[in-house]
Every structure is written in structure tokens, then in C-alpha cells.
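Undergrad: Provided below are the primary sequence and the corresponding predicted coordinates.
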Amino acid sequence: MKKEHDVQLWDDLIKPIVVLSSLCATMTLALGITNHFTSPVVEQRNLAKTSSLHGNMIPGVDFKEVLCLTPNVTDAYQGVNGEAYIISATVKGYDGPVVATVGFDEHGTIIAIQFQADNETVGIGKNILEPSYGEQFLYLEPRELEQNVDIDSISGATITSTSAIIAVNSCIKGYQALSNGFTGKEELILPEETRLIDLPFLMPRVEAFNQFSLKFDQVIDAYADVSGSGYVIYVRVTAYVDDIIVAVAVNTDLEVSRVKVTSQQEIDGYGSLISERDFLDSFQGYSGNVNLVDVISSATTSSFTVIGAVDIARDAVASIKEITKKDILDTITITEENRTLSSLEHSVDTVSYTEEEMETLRLASMRQIMPLANDYTPIPLDMPQVIDVFKAEPNYGYIITATGYGKNDKEMTIMIGIKESGEISALRQFLPNAIARDKAFMNQTSFFVQFFGLKEETSTDEIDIVSNATYSSEAIVDVVNVALRAYAAITNSEENLS
Amino acid sequence: MERNIELLSNNLVKENPVLKLILGTCPSLAITYTAGNGLGLGLIATVVLVLTNTVVSLCHSMIPESVKVPCYITIIAGFVSMMDLITEAYFPILNQSLGIFLPLIVVNCLILGRAQDFAEKNTVLDSAIDGFSMGISFTGTLTLLGIIREILGRGTCFGFNVFPSFLEPFTIMSTAPGGFFVFGLLMALVSYLNQKTNEKITAEATEDLSQEGSDAP
């Protein structure tokens, strides 16, 4: 009976297990042996294929593999002397992967391109393999390419064409990162000195900041004005090429006053424009209305990344309830040296105008303020807010250009003429920056006239301010006082000299 | 010997796996947009068929009924994977152009069908011949499908230009609908020929019978 039971157990349970297991083991062994013989052949062929591909694409250059972590990039090779790059990226096409292999010369120009689209439909998607399609990419600069703007897509194969463009754009991003010495996902470190230059620019009227710990996603650093007027938040976000760091000054009403992109590797002449003041100044007064921001037309991804970073900073500030002593990491006092360095670093003229243009503009403005002068000689003066001082020869007086800060720290650069006698003779807006947007001032010459003949420092109590423009009026009064102080300093030193 | 030849010819024509038994239709339609693909897939399937039939015929007595199908599938999968590795190493273009349809030979019902219907009931030699003849028949049909579709769809045959330059190829023949169209036409042709042959045989038989009848005293 027991024997019968054992036989049944063997037949029903153990035998099937043993047979199936041994069969699996045998087949695995056979597969292992086959693989042992075939894998070296495949490996060697792939190696030969890569080197012949590189040789065909950019002849005469020896390549070495480099690490590139840019999304979609699968392989990256750099010429041993850094003279060229070959980067491959893979993107999902209509029915399988679409691979773009792009060769860049030392200037980043696309000099060779190859596509692979094994699974795309013959006669439709596979047409990206036609030389006429690939040739469209040749000799283009390394910037974000757009379908049907830079490259004509293949009719009937929109998905494959889009994948091809995305793949090429990924290669371009990879090139940007590699040529800038990044792997595409480098750690960004901000040196302490950078912040000492950023902070006086971001909140010019603040004397000291408390660095505090703020736990908010993507916020890497946070500073609060010790008097509690606002915050500077550093946000790290991923832009088009790589991560960027954006510093945002936000007041307690969640209004943005200034924004600075402190670190970026975006594409030169396109995404890199996010660092320009023209773009960043449009954030002044930003409180969530995206329509008011001037998005850079050829760099929408980068622009919207900055907008996103500013929104994160505003959300981060909104999340702050109370900063306890425990949260404060450090207190930073802004010295005069920091301010001078900061104003040098952020001086408006270097951004919007070339030096020549600036010179012409300055001369034209000075002619309007003191038209009778034969010549204008620059006088060195190191004073906060003062941009430059010129002496109107012979003995007409001085022309002082100084900067004040209006609402949301909008810069207002004013040129002031002070006669030999010490009286203010003329006052005009120098640069078409913030003040130009304050329509109130444009029609209120009566406001400027109040300062004419003034010798002593004044205050808003004595001057009729422009209604609805309290901040800007205060800023101009402040600039006038700065100019008068500058005048006093110059005359004092001249007396001392004589 | 005579039996083997009969088996071979029977499988090649009368029991054509694709057009008569309608087995393995999926890869047949998917990859036969070129003749080369059809020939390649057919030959790989032939090797797998011969090996599977031989091994199944050798081992079927040892395999318990309860794990028969898993065992057969394991054997087929093993051989298909081996062919995948071999083609990847030595015929990379074919391997790439067959893509997923090469590993999918595992689930081709022709192979499992022959293992179950023939190999486990016959001798090793018969099974090997059956696998070979079925495979050749499969290959022939796939190649024929491929030749027609490649000529019409691309204007080439095995990569050589055969279409007059003033004619545009019918791209639709390279796509799935074109595949179905040619497949349907070939099936109709085979059915027609079969019917004709059957009619002829019946007519001859009837004639023989009637002659026998008239000869009767």
C-alpha cells in the first residue's frame, strides 16, 4: 500500500518537478554555451561599428568616451584633444527607438548627423534616414531646434520627426553641458562671496541679513532682512541645459522686487538671456501674474523655468510663519565694500548699452543739463549710489549721476546738475530704466522743478510728492540728497587740495 | 524511404502550414515586407522545428503528461533563444530586421503543434523529416509572400531593383493591409488549385468507375 502511494507521489509530484527542472537546467546550459561563443563576436562588431561610425562622421579625430548625464543621451565621445564631440541620444519614436548621433566641431557647429530608426514604418517614419532630412541639421549652431521652423518635418511622420528633433536637441544639450565642463548634472556650489555681492543687489536698502534654514522643496538657501521687510530665497531648478540657481527677493506681501540668475549653463545667445536685466527686470512687482513677465521668445523653456523658480520662492516665503533663533544660521552685515562690489557687478550700463553707446548717451544728457560747457572732465568719487561725477568746464559746475531705489527696488538713475554756487540747476532721468515705466513721472515735470535752486539736503516733507508714487518720489528725493552730499565731498576735497 | 518522401511532399504542398493549416500567420504577415525577411524567418523556424521535433521525439516518453506543454515550450524557447544569439552574432542585419518576431517564434503554434501532433507519436527520423519539410514549406510560403510584397511595395526583389523606374511602388504592400491582401490572394489560389486537383481526381475516379461498370458483364 505504502509502495503504491510512493509510486503515485513520484509520478504525480516529484517526477514532473524533476523533469521540468532538469530540462530547464539543460536548456540554460546550452544557452550559456551558445552565448559564450557568440557574445565576443557581437562585442567586437559593436566596437568596430562605433569606431567606424565615428571615423565616418568626423574623420581624422580619435575619440574617447565621456560621461554625459543629460536626459536621453546614451553615448558621448569627445575628441582626445577636445576638438570635437559625438553624442547619441535615444527617444521613443512611433514604433520603437529613434536614435540621433550628432557630431559637433570645436565651435559646436553640427558637422555630421546620423539617424537610426529600425522599427519605424518603411516609406513613412523611416524617411528620416534619407540624407535630405539629415542635411537640414548640418551647419546649425548648437541651440534648441524647432520643428518646421529650423527643420522641415516629414509629412505623414509627425511622431517620428518630433522624436528625431527631440533626440537632436538632447544631443545639443549634452554638448552644451560637456563643452562647459559639466556632465549634465553637476553639483552647483555657490561661493559665499557670490552671496555677499548678490544680497546688496537684491535688497539694496537692507543693512543686514539673517541666513536661516528654510525647509522647502528646491530652496537651497534663504536670507531674511533683519528688520523684517523681506526675504532673499535661492532656488535651484532644472532648466533647458542643466540646473540653474535663481535668487529672488520677495517682500512680506509676496511681491517680488528683484531676481537674479546666479548660476546657469544655458545656450549662449538663447537660454543664456535669462541672466540679462531686460528679462529679470520684468519681474519687478511680480505677484503671480505670468503675463506681465517678458518671456524670451527664443528661450521659452529657460524663461518659464525662471518664472517657476520665482513662484517657488514666493511659495517658500508664504510658508514662513516665524523665524526662531534656532533657525538662524548666520547674520550677514552688508559692508560698503560689498555694496560697491555689488554695484560694479550689477551696474545697469554694462547690461543694456555698449560702452560707446553709453558714452554718447552720457554726453548728450550732459549737454542738456549744462549746455554751455566746453568740456566735461570726469572726477573720481567713491560714494554709495553715485555712478559718476563730471565737472563742466570751465567752472559751470558738476554733473552727478546717482541711483535711487523706488518701489520694489526699481532702479532710478538720475543725472543732476549742480552749479558752482552749489544750487541744483537741472535734473533729468538718465537711463530709460525703471522710471520710464512710472508714467506718473513722465508728465510731472512740476515735481522735478521743485528741486531747482536747492542747496541743502531736503526731505519729502518739504517736497510735494507725486500722488500714487510715494516710493518713486522718495527715491528721487534720496538721489538728490546723495548728489548734494557728493557735491559737498567734491568741493571739500578740492578746497583741501588748494 | 518511400514513406519519408511521401511525408516530405505531403507537408510541402498538401499540408502547407501557412496557407492550408493557417498556422503562424502573425509573423508571416508582420515580417514578409521583404523577401529576405521571409526567407530568414523561415530558415530559423526550420532549424527550430527540426531540433524541437527531434528532441521531443527523443524525450517524450520521459515527460509526464501534466508538464508536457511547459516542457515543450521550454525546449522551443531554448532553441529559439539560441537562434537569436547566433543570428545576432553572425547575421546581425537579419536579426535586426526580424526584431521581436524572432523571439516570438517561441509562441508560433506551428512548432508546438508539430511537436504535439507528430513528434511525440513518431520516430526520431520521421519527426526530423517532418520538421524539415514543414519548415521548408513555411519558408517557401514566407519567401513567396515576401517576394510579391517586396516587388509591389518597394520595386525590389531581395534588394535588387526589378520595377521599371517610371512606376511608383505601392507602399501599402509593405504595410500590414498589403500583407493581408497578398495572403488572401495566395490562400485563394491554393484553394482554387486544390479544388481543381480534387475535381480532376474525382472525374478520373468516376470515369474509372463508369468504365469498370461498362466493362462488367
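TA: Happy to help now that I have it. Model, not experiment: these values are computed from the prediction. Numbers count the residues shown, from 1 in each chain, chains lettered A, B, ... in the order given.

Undergrad: any regions of chain B where pLDDT drops low?
TA: Along chain B, segments meeting pLDDT under 70 span B:1, B:11-13, B:212-217.

Undergrad: show me which helix runs longest in the chain.
TA: If you meant another chain, say so; for now it's chain A. Longest helix in chain A by number of residues (criterion: DSSP state H): helix A:15-57.

Undergrad: that's the wrong chain, I wanted chain B
TA: Longest helix in chain B, counting by DSSP H: helix B:176-215.

Undergrad: summarise which helices and strands that helix is packed against.
TA: The contact analysis (3 or more CB pairs under 8 Å, 6 or more residues apart in numbering or on different chains; DSSP states H and E) places helix B:176-215 against helix B:25-31, helix B:124-154. Heads up, the C-betas are built off the backbone N, CA and C, glycines and all.

Undergrad: surely A:D478 touches A:M412?
TA: No. Contact criterion CB atoms under 8 Å: A:D478 and A:M412 do not qualify, at 9.2 Å.

Undergrad: between those two, who's got more neighbours?
TA: A:M412 (24 against 21; other CB atoms under 10 Å in any protein chain shown).

Undergrad: now the helices: where do they sit in chain A?
TA: Under DSSP H, chain A gives helices at A:2-9, A:15-57, A:131-134, A:158-179, A:192-202, A:277-280, A:300-319, A:336-345, A:348-352, A:355-369, A:434-437, A:439-442, A:445-449, A:470-497.

Undergrad: could these go into TSV alongside distance to chain B and mean pLDDT?
TA: Below are the helices of chain A laid out as TSV (distance: least, CB to the nearest CB, whole Å; pLDDT from 0 to 100):
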stretch	distance to chain B	mean pLDDT
helix A:2-9	12	76
helix A:15-57	3	88
helix A:131-134	17	88
helix A:158-179	15	88
helix A:192-202	52	78
helix A:277-280	48	82
helix A:300-319	34	90
helix A:336-345	56	72
helix A:348-352	54	48
helix A:355-369	59	78
helix A:434-437	59	42
helix A:439-442	63	46
helix A:445-449	74	72
helix A:470-497	68	83
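
Undergrad: what sits against residue 146?
TA: Reading this off chain A. A:E146 makes contact with A:I165 under the criterion CB atoms under 8 Å, 6 or more residues apart in numbering or on different chains.

Undergrad: oops, wrong one, chain B.
TA: Counted by CB under 8 Å, 6+ apart, B:G146 has contacts B:I31, B:T32, B:Y33, B:T34, B:A35, B:G36, B:N37, B:G38, B:L39.

Undergrad: got the residues of chain B near chain A?
TA: Contact residues, chain B versus chain A (CB under 8 Å from any CB of the partner chain): B:33, B:62-64, B:66-67, B:70-71, B:74-75, B:77-78, B:81-82, B:85-86, B:88-90, B:92, B:96-97, B:99, B:153-154, B:171, B:174-175.

Undergrad: buried only: go through those for me.
TA: B:33, B:63-64, B:67, B:71, B:74-75, B:77-78, B:81-82, B:85-86, B:88-89, B:97, B:99, B:153-154, B:174-175 (16 or more other CB atoms under 10 Å in any protein chain shown).

Undergrad: would you convert the helices and strands packed on helix B:176-215 into TSV that also reports distance to A:A469?
TA: Below are these laid out as TSV (distance: least, CB to CB, whole Å):
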stretch	distance to A:A469
helix B:25-31	74
helix B:124-154	75
